[in-house]
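# Dropping a prediction and its sequence here:
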Amino acid sequence: MNANQPTPMRRREFLKETVAVTTALGLSHRVFAATDDTEPKLPEGKKLKVGLIGCGNVSGSYLPHITKQPFLDVVAVCDIIPSRAENRAKQFKVPNVYPNIDEMLRGVPFDLLINTTSMPSHFPVNEKALRAGRHVWSEKPMALTLKDARLLMDLAKRNHVHIWPAPTCVTSPQFKFMAETIASGRIGKATVGRGTYGHGGVSWSGWFYEKGGGSLYDLGVYNVTTLTGLLGPAKAVVGMTTIVNPTRKVEDRGEVKVTADENTMLIIDHGNGVLSNVQTGFVQFDNYRLPGRERQLYTVDILGTKGAMHLQGWDWGPAGVDIAHEEEHVLETQVREPARYNWVGGATYVAECLLTGKTSLITPEHGLHVLEVMNACHESQRTGRRVSVETSFRWPIFG
Ligand SMILES: NC(=O)c1ccc[n+]([C@@H]2O[C@H](COP(=O)([O-])OP(=O)(O)OC[C@H]3O[C@@H](n4cnc5c(N)ncnc54)[C@H](O)[C@@H]3O)[C@@H](O)[C@H]2O)c1
């Protein structure tokens with residue numbers, strides 16, 4: 001390992017940390033729509049059958065959550081490394097285990113596929129599930145190219161099912177508060193956005209460092225979702241990415257050559273004079289997880305002509321919003337209350353939408369747009385040019 005390389009996160013450490021953050025913030029294992037604060041009425045006795053594919057690191061966070069929901073019945077798990085699926089099945093008492101998506105789709109019936117495979121596998125797995133008439137909750141991004149993502153959305157429409165991509169940021173109460181504050185004009189015209197999310201990289205799987213992986217798809221995606229969600233669809237993008245370490249050591253494959261972005265800076269033009277930037281990477285000391293501070297550090301800032309908002313903690317695990325404006329010159333923390341929100345609660349959230357008919361705040365159109373912004377960043381790095389963005393989504397999300 002290069003001496004300049006920050007310490008990568010180990011699998012157990014990361015799970016422990018995320019559980020600790022969740023607990024510290026008082027996040028419950030239930031997730032609710034940000035549109036109302038009342039518990040949605042689920043039809044009595046109605047359950048959705050669920051299959052989860054991809055039994056790697058993040059499945060260790062998803063499964064404890066989804067197996068606790070009274071309206072979800074997790075009937076199958078699958079992984080191309082069958083021992084991983086068998087272990088998860090034993091750990092979470094899941095009755096059916098499959099070694100690939102084809103056998104899974106031919107096996108025990110289920111309604112919703114949760115796709116937590118590695119990013120390059122998202123598209124082929126999502127496509128097969130949609131063709132088989134299953135709803136899909138996909139980890140981000142749902143596909144690596146716009147063409148493939150559009151194909152998935154068309155397939156879903158044709159087969160009368162849905163596909164929703166992670167992340168879940170727009171369902172947090174803190175996101176709702178920030179979006180409504182911007183819409184109210186309380187901070188004047190929101191002109192500037194800043195987002196940051198990075199750490200030293202992960203230790204467990206090589207694909208994170210190869211084409212189809214990278215820090216922008218894995219980490220920057222949260223800030224791109226939040227900033228476009230708050231400030232509006234992007235019109236154009238400028239970006240730079242670098243590789244800092246020629247190789248990385250990982251648990252599954254030893255030493256791998258790094259071919260995906262490790263250090264990324266992205267500038268987004270939202271139109272009407274509004275700009276934002278996102279900094280993300282696998283090459284930085286993770287000061288956000290240091291213990292012993294009074295409050296979580298800021299990771300998202302929104303500056304307006306008459307005020308400013310700063311998000312405490314990550315946008316996928318927020319702890320409150322500090323706000324100051326012309327009439328109130330003191331930074332005050334809002335929406336500090338424990339959120340009925342969980343970063344692995346996306347599949348639960350969309351399952352509730354399916355069961356209750358509630359409209360999802362997470363949409364494939366927003367996921368497609370975020371993918372276009374990220375790919376435009378890569379294109380800008382390749383060409384040295386500013387790149388236009390064509391897709392859009394329903395905005396504002398609140399207000
Ligand atoms: N690890 C985290 O904390 C975390 C957090 C948020 C989101 N995510 C996202 O979750 C996804 C998975 O991340 P991870 O860290 O668990 O990766 P991982 O490498 O630990 O696990 C991926 C698993 O998918 C399996 N897999 C790959 N292709 C498959 C296929 N075609 N069919 C069946 N199984 C297949 C692999 O064998 C592996 O077990 C990624 O999109 C990642 O960005 C991860």
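That came in fine, so what should we check first?
# And residue 334, how far from the ligand?
Applying C-beta to the nearest ligand atom, to the nearest Å, the value for residue 334 to the ligand is 26 Å. Just so you know, the C-beta spots here come from the backbone N, C-alpha and C atoms, and that holds for glycine as well.
# hey, what's that residue bridged with?
Listed by DSSP bridges, the beta-bridge partners for residue 334 are residue 321.
# contacting residues around it?
Shown in contact with residue 334 (C-beta atoms under 8 Å, 6 or more residues apart in numbering): 177, 320, 321, 322, 323.
# Give me the neighbour count for the fourth one.
Burial measure for residue 322: 18 neighbouring residues, criterion other C-beta atoms under 10 Å.
# you'd agree it is up against residue 333?
Yes. At 5.3 Å, residue 322 counts as touching residue 333 under the criterion of C-beta atoms under 8 Å.
# any shared contact partners between these two?
By C-beta under 8 Å, 6+ apart, the residues touching both residue 322 and residue 333 are residue 312.
# Can you tell me the SS state at residue 358?
The three-state label for residue 358, taken from DSSP: H, G, I helix; E, B strand; the rest coil, comes out as coil.
# pLDDT score for it?
Listed pLDDT for residue 358 reads 93.
# from memory it sits against residue 351, does it?
No. Here residue 358 lies out of contact with residue 351, judged by C-beta under 8 Å, at a distance of 10.8 Å.
# So these two - more neighbours on which side?
Ranked by neighbour count (other C-beta under 10 Å), residue 358 and residue 351 place residue 351 first, with 25 against 17.
# For my notes, confirm the more buried one occurs in a helix.
Yes. Using three-state DSSP, the assignment for residue 351 is a helix.
# Quick check: the residue of the stretch 1-150 of the chain nearest the ligand.
Ranked by C-beta to the nearest ligand atom, the top residue of the stretch 1-150 of the chain for proximity to the ligand is residue 56, at 1.8 Å.
# That residue contacts residue 208, correct?
No. Using C-beta under 8 Å, residue 56 and residue 208 do not qualify as a contacting pair, with a distance of 10.9 Å.
# the more surrounded of the two?
Regarding residue 56 and residue 208, a neighbour count based on other C-beta under 10 Å identifies residue 208 as having more, with 26 against 18.
# So the more buried one belongs to a helix, correct?
Yes. Assessed with three-state DSSP, residue 208 lies in a helix.
# show me the contacts for it.
Residue 208 neighbours (C-beta under 8 Å, 6+ apart): 201, 202, 214, 218, 250, 260, 282.
# Weed out the non-buried ones from the contacts of residue 334.
Applying 16 or more other C-beta atoms under 10 Å to these, the neighbour count classes 177, 320, 321, 322, 323 as buried.
# Farthest pair within these?
Within the buried ones among the contacts of residue 334, 177 and 322 form the most distant pair, 11.2 Å apart (C-beta to C-beta).
# Not counting residues beside it along the chain, what's closest to residue 134?
residue 113 (4.9 Å; C-beta to C-beta, 6 or more residues apart in numbering).
# mind checking how far the helix or strand that contains that neighbour is from the chain centre?
Using DSSP states H and E, residue 113 sits in strand 112-115. Between the centre of strand 112-115 and the centre of its chain there are 15 Å (C-alpha atoms, centre = their mean, to the nearest Å).
# Next: stretch 308-318.
Centroid separation between stretch 308-318 and its chain, computed with C-alpha atoms, centre = their mean, is 14 Å.
# Can I get it in CSV, CA atoms only?
Output of stretch 308-318 as CSV, limited to C-alpha atoms (Å, rounded to 0.1, in the frame of the first residue of the first chain):
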residue,chain,number,x,y,z
ALA,A,308,-27.6,29.9,5.0
MET,A,309,-28.3,26.3,6.0
HIS,A,310,-25.7,23.7,7.0
LEU,A,311,-26.5,20.0,7.3
GLN,A,312,-25.0,18.2,10.3
GLY,A,313,-23.9,14.7,9.5
TRP,A,314,-24.2,13.1,6.1
ASP,A,315,-27.1,13.5,3.8
TRP,A,316,-27.7,9.8,4.1
GLY,A,317,-27.6,10.0,7.9
PRO,A,318,-28.4,13.5,8.9
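# can you pull the pLDDT of residue 269?
On the pLDDT scale, residue 269 is placed at 99.
# Kindly apply the preceding question to residue 399 instead.
On the pLDDT scale, residue 399 is placed at 71.
# List the contacts of it.
Going by C-beta under 8 Å, 6+ apart, the list of residues near residue 399 reads 179, 180, 182, 183, 184.
# Can you tell me, leaving aside adjacent residues, what's nearest to the last one?
What it means is residue 184. Nearest residue to residue 184, sequence neighbours excluded (C-beta to C-beta, 6+ apart): residue 399, at 7.1 Å.
# The fourth one now?
Nearest residue to residue 183 in three dimensions, chain neighbours excluded: residue 399, at 2.7 Å (C-beta to C-beta, 6+ apart).
# neighbours of residue 286, just the number please.
By the measure other C-beta under 10 Å, the count of residues near residue 286 is 15.
# This structure - how does it break down into domains?
The chain is divided into the following domains under automatic domain parsing: 11-165, 169-338+361-388.
# can you tell me the distance between the two ends of the last one?
The first residue of domain 169-338+361-388 is 25 Å away from its last residue (C-alpha to C-alpha, to the nearest Å).
# same check, this time on stretch 93-111
Start-to-end span of stretch 93-111 (C-alpha to C-alpha) is 19 Å.
# Could you pull out the buried residues of it?
Neighbour counts using 16+ other C-beta under 10 Å place 94, 96, 97, 98, 101, 104, 105, 110, 111 of stretch 93-111 among the buried residues.
# quick check, that stretch touching the ligand?
Yes. Residues of stretch 93-111 contacting the ligand under C-beta under 6 Å from any ligand atom: 100, 101.
# Show me which residues of the stretch 101-250 of the chain sit near the ligand.
By C-beta under 6 Å from any ligand atom, the residues of the stretch 101-250 of the chain that approach the ligand are 101, 116, 117, 118, 119, 121, 125, 139, 204, 205, 218.
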